[in-house]
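>>> Output the structure for:
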Amino acid sequence: MTPVLPASRPLRFILAAAILTSQAFAQTAAPAPVRPVPPPGVALPDGDRAELQAGVVALGKDITVLRHSLQSKPELLALLPDVMIFHKAVDWALRYNEFSNVKQVATAKKLLELGNQRVSELKAGKPSWITATGLVPRGYLSGIDGSVQPYGMVVPDDWKPGETTPRRLDFWCHGRGETLSELDFLNQRLTSKGEYTPAGAFVLHLYGRYCCANKFAGEVDLFEALGGAVKQYNIDRTKLIIRGFSMGGGSTWQFGTHFGGLWAAVQPGAGFGETKEFMRLGTTPDKPLPPVWEQTLWQWYDSVGYVANLSNTTTVAYSGEIDGQKQAADIMIRYARMDAGNAHPPVAELGKVAPGDGSPKAAESRVTGTAPDVVFYHIIAPQTPHKIKPEEKPEVEAMVDAGVARHETYPKKVRFTTYTMIYHNMDWVHVLGMDKEWERAELNAEHKAAGSYEVTTKNVSAFQLVAPAGEGNEPLHEVVIDGQKLPASTPPAQPVQGSLSFAKADGKWHYVADSQQLAQLHAGPQKHAGVCGPIDHAFMSSFVMVRPTGKPFNDKVGGWAKGELEHAIDFWRKTYRGDAPVKDDTAITQDDIKNSNLILWGDPSSNKVLAQIIAKLPLQWSFSQLAFGGKSYDAAHTAPVLIFPNPLNPSKYVVLNSGVTFREQALLNNADQTPKLPDWAIIDLNTPPDAKWPGEVKAAGFFDEQWKVPTR
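Sure, this is the predicted structure:
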């Protein structure tokens, strides 16, 4: 079901309708079935399968025993995920037919052996792997779905447990691998140090939730893996480097631009920096542009719009001269020049390198035409296709090392750009509110002198300055915001050592005196960093799928909801390598409401939790009618999909009838793994779900900043 924008409407009207309220679109016949990702595995000899299954059962029992016996030894219990990763790798490969070749039987046996070895060491209270150097697979339990996830550490040979001097850490984001199961990933982490192993530095290889280009749960994976690593190793958080190649290069552009304040250096290789041009959408009839709301949502993960956030780090891009994915660095360079004020920079061509676009030599690779604070190098391997050329590695490392050496931990000037409250802070500036989400917001701040700040904003309604560490208890002198002077006589009676918050009212900026007054900014429904939509945001923190147990208003809707719940559970497992938490509506507890986003399936008749809150949601739903946004729909074959602050706990979400909004078709290209639906949609169930849509999308759109349906 490919969406086709109505040709009879003026484009200006379509844009307004899609962004401000809703957009209906026509859908063609369902697309042909797409190949499955991950692909089905090979058949195993019966004897090998039986032996592995017995090993999985035995290791699973040992893990259960350890979980209970180590309750009084929390420091050892915390290491249990380092055992669970081996059990899961073999268990899932067997359970879900994910052996890509028979040779992996030997790998599985090796992983079970390692799991049993770690069990024995935990029982004895002597876990050797926490003091090991070299290749060390580790694991953590995710706060999103409770799943165990692996990561790989490369520990320097000269590292000693308990050493007091913190060390640099390089993250590595892997390339696309549709057969990269946990089994394969752990085998790699036991046999290969990877492309780069800087002397004296830790390297953390991310699994990234499999093959999603570190998006959504794959993005959270980096922070959860880092949280596990810092408990075991003395890591210098001022010397974090993000790097990767191919799909991992796309991940690196994403992490580098969206979290620019974290990195001493950003080192992408190949990959992609956005969706439209990379996928050539809108260029031919067989590559149409998607609905405008989907184009709006490209701004979640498109890196090009966030290029200004590279201003306080060093970017060292690598490309092969004849690699089609050189396009990633080329388009990022184009947008960096636009950020510097060049409205129409040249468009680079594959196989051609213009002066100032990069060089094979580090000393000559500085990109020209960027803003002075955007330090951008581009190492280009001559006549090289899609691979990392060994001869260029020293050139790349020289620039990364130089970037780490000159990195400012607490820059005096910060330029921050965002399009969504999902990404709301960088270094010591924090956006607390936007005038309109999904439009470009800018917050530029300079600590000019002791107690003096100058700030300019665009599309920002509230923000906070957090004083850099080490600035002391300097008295506040003056803050200038968008040319408006706020003298020191009016702010709260506190030093700049903590933080200062500001809000805009009636066109003027004002100090926010304390946390209580700041909280008033969010009185009633209000989009803010933790609760801002769209639907896919609910699956980046703890969630529970709430299964209905009652009788639905209409069998058609009830059957559709049941099928979509089953699809969401299966899709989560395949795409993000975890078991989605599922509970009956009668089993939801206060702890669930307090700690998790609730994904409610069914209707107010079938789902008891939905019945409890329906009066506080922006829709009316009965046996005969679904009313939303001033329109009515036939409830016999129509269902809502939406995200909204949970009326029982507004710091969390409720989602109606949706898992993540992209489906099987998007798995074929990582640049296409973007949100397909915004804050809400109305689905006509007369058109069955397919590999792209949950049914026919009759209308879709975004709530405004107060969680209301905008009026035209």
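>>> Below-threshold pLDDT in the protein: ranges please.
By pLDDT under 70, the low-scoring segments of the chain are 1-31, 468-475, 489-498, 514-524, 712.
>>> longest helix anywhere in it?
helix 46-69 (DSSP state H).
>>> What residues of whichever helix or strand comes after it count as buried?
Next in sequence after helix 46-69, counting helices and strands by DSSP states H and E, comes helix 74-77. Buried positions in helix 74-77, judged by neighbour count with 16 or more other C-beta atoms under 10 Å: L76, L77. For the C-beta atoms, the positions are set from N, CA and C on the backbone; glycine is no exception.
>>> how far is helix 74-77 from where the chain is centred?
Helix 74-77 sits 30 Å away from the centroid of its parent chain (C-alpha atoms, centre = their mean, to the nearest Å).
>>> Residues in contact with that helix: which ones?
L66, R67, L70, Q71, L122, G125, P127 (C-beta atoms under 8 Å, 6 or more residues apart in numbering).
>>> The second one touches L80, doesn't it?
Yes. Here R67 lies in contact with L80, judged by C-beta atoms under 8 Å, at a distance of 6.4 Å.
>>> In contact with A354, which residues?
P346, A348.
>>> do you know how far it is from A348?
Separation of A354 from A348 (C-beta to C-beta, to the nearest Å): 7 Å.
>>> Surely A611 forms part of a strand?
No. Secondary structure of A611 (DSSP: H, G, I helix; E, B strand; the rest coil): helix, not part of a strand.
>>> List the residues that contact the nearest residue to it once chain neighbours are set aside.
Of all residues not flanking A611 in the chain, P604 sits nearest, at 4.5 Å (C-beta to C-beta, 6 or more residues apart in numbering). Residues near P604 by C-beta under 8 Å, 6+ apart: F553, L610, A611, I614, W621.
>>> Kindly indicate which of these lies nearest G403.
Distance to G403 across these (C-beta to C-beta) is lowest for L610, with 51.2 Å.
>>> give me the number of residues near the closest one?
A total of 24 residues lie near L610 under the criterion other C-beta atoms under 10 Å.
>>> which residues touch it?
P548, D585, L600, G602, D603, P604, L656.
>>> Also D482?
Counting by C-beta under 8 Å, 6+ apart, D482 has contacts V455, T456, T457, W509.
>>> And those, which two are furthest apart?
T456 and W509 (11.3 Å).
>>> Between the two, point out the one with more neighbours.
Set T456 next to W509 and count neighbours by other C-beta under 10 Å: W509 wins out with 20 against 15.
>>> Work out for me the element that one sits within.
strand 508-512.
>>> Distance of the closest residue to D684 other than its chain neighbours relative to W560?
Computed as C-beta to C-beta, 6+ apart, the closest residue to D684 that is not its neighbour in sequence is E696, at 4.1 Å. Using C-beta to C-beta, E696 is found at 12 Å from W560.
>>> quick revisit: compare neighbour counts for R67 and L80 and give me the winner.
Neighbour totals were compared for R67 and L80, and L80 leads with 18 against 12 (other C-beta under 10 Å).
>>> ok, back up a step: which strands and helices sit next to the longest helix of the chain?
helix 81-95, helix 104-124 (3 or more C-beta pairs under 8 Å, 6 or more residues apart in numbering; DSSP states H and E).
>>> closest one to N312 among these?
That would be helix 81-95 among the helices and strands packed on helix 46-69, by C-beta to C-beta, at 34.1 Å.
>>> What segments of the stretch 101-250 of the chain are strands?
Taking DSSP state E, counting those that start in this stretch as the criterion, the stretch 101-250 of the chain carries its strands at 134-141, 148-155, 167-173, 202-206, 235-245.
>>> Which among those strands is found nearest to G60?
Across those, closest to G60 is strand 148-155 (C-beta to C-beta), at 12.1 Å.
>>> how about the closest one: buried residues?
V148, Q149, P150, Y151, G152, M153, V154, V155.
>>> Kindly reformat those as TSV and extend each row with distance to V266.
Rendered in TSV, the data for the buried residues of strand 148-155 read as follows (distance: C-beta to C-beta, whole Å):
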residue	distance to V266
V148	29
Q149	24
P150	24
Y151	20
G152	21
M153	21
V154	20
V155	23
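>>> and of the strands of the stretch 101-250 of the chain, who's closest to S251?
When the strands of the stretch 101-250 of the chain are compared (using C-beta to C-beta), the closest one is strand 167-173, at 3.8 Å.
>>> Which strands and helices lie in contact with the closest one?
Using 3+ C-beta pairs under 8 Å, 6+ apart, the elements in contact with strand 167-173 are strand 202-206, helix 217-230, strand 235-245, helix 247-258.
>>> which outside residues touch the third one?
Counting contacts by C-beta under 8 Å, 6+ apart, the residues outside strand 235-245 that touch it are 166-175, 195-196, 202, 226, 229-230, 250-252, 255-256, 262-271, 318, 388, 400, 404, 407, 409.
>>> Tell me what A681 is bridged to.
Bridge pairing for A681 (DSSP bridges) gives the partners V641, A700.
>>> residue contacts, it?
Applying C-beta under 8 Å, 6+ apart, the residues near A681 are P640, V641, L642, V697, K698, A699, A700, G701.
>>> Kindly provide the distance from it to G629.
Relative to G629, and taking C-beta to C-beta, A681 is found at 11 Å.
>>> what's the overlap in contacts for those two?
A699, G701.
>>> Neighbours of K231, how many?
Using other C-beta under 10 Å, the number of residues around K231 comes to 13.
>>> and it, what is it in contact with?
Contacts of K231 by C-beta under 8 Å, 6+ apart are A78.
>>> ok, how many other residues are close to the residue lying closest to A371 once chain neighbours are set aside?
Of all residues not flanking A371 in the chain, A340 sits nearest, at 4.3 Å (C-beta to C-beta, 6+ apart). Look at A340: counted by other C-beta under 10 Å, it has 17 neighbours.
>>> Next up, the contacts around A340.
Contacts of A340 by C-beta under 8 Å, 6+ apart are G369, T370, A371, V374.
>>> Give the intersection of the neighbour lists for T456 and W509.
By C-beta under 8 Å, 6+ apart, the residues touching both T456 and W509 are I481, D482.
>>> on that earlier part again, distance to K652 and neighbour count for the contacts of A340 - can I get that in JSON lines?
Shown next, in JSON lines, are the contacts of A340 (distance: C-beta to C-beta, whole Å; neighbours: other C-beta atoms under 10 Å):
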{"residue": "G369", "distance to K652": "45", "neighbour count": "19"}
{"residue": "T370", "distance to K652": "41", "neighbour count": "25"}
{"residue": "A371", "distance to K652": "39", "neighbour count": "17"}
{"residue": "V374", "distance to K652": "37", "neighbour count": "22"}
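>>> could those be laid out in CSV, adding distance to V531 and secondary structure?
Putting the contacts of A340 into CSV (distance: C-beta to C-beta, whole Å; DSSP: H, G, I helix; E, B strand; the rest coil) gives the following:
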residue, distance to V531, secondary structure
G369, 40, coil
T370, 35, coil
A371, 33, coil
V374, 32, coil
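>>> Take those and lay them out in CSV including distance to Y419.
Formatted as CSV, the contacts of A340 follow (distance: C-beta to C-beta, whole Å):
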residue, distance to Y419
G369, 24
T370, 21
A371, 19
V374, 19
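>>> out of these, who's nearest G41?
Nearest member of the contacts of A340 to G41, counting by C-beta to C-beta, is V374, at 45.5 Å.
>>> Hmm, T313 and that closest one touching each other?
No. Counting by C-beta under 8 Å, V374 does not reach T313; the two are 9.1 Å apart.
>>> dump the residue contacts of I130.
Taking C-beta under 8 Å, 6+ apart as the test, what I130 contacts is L79, P161, Q232.
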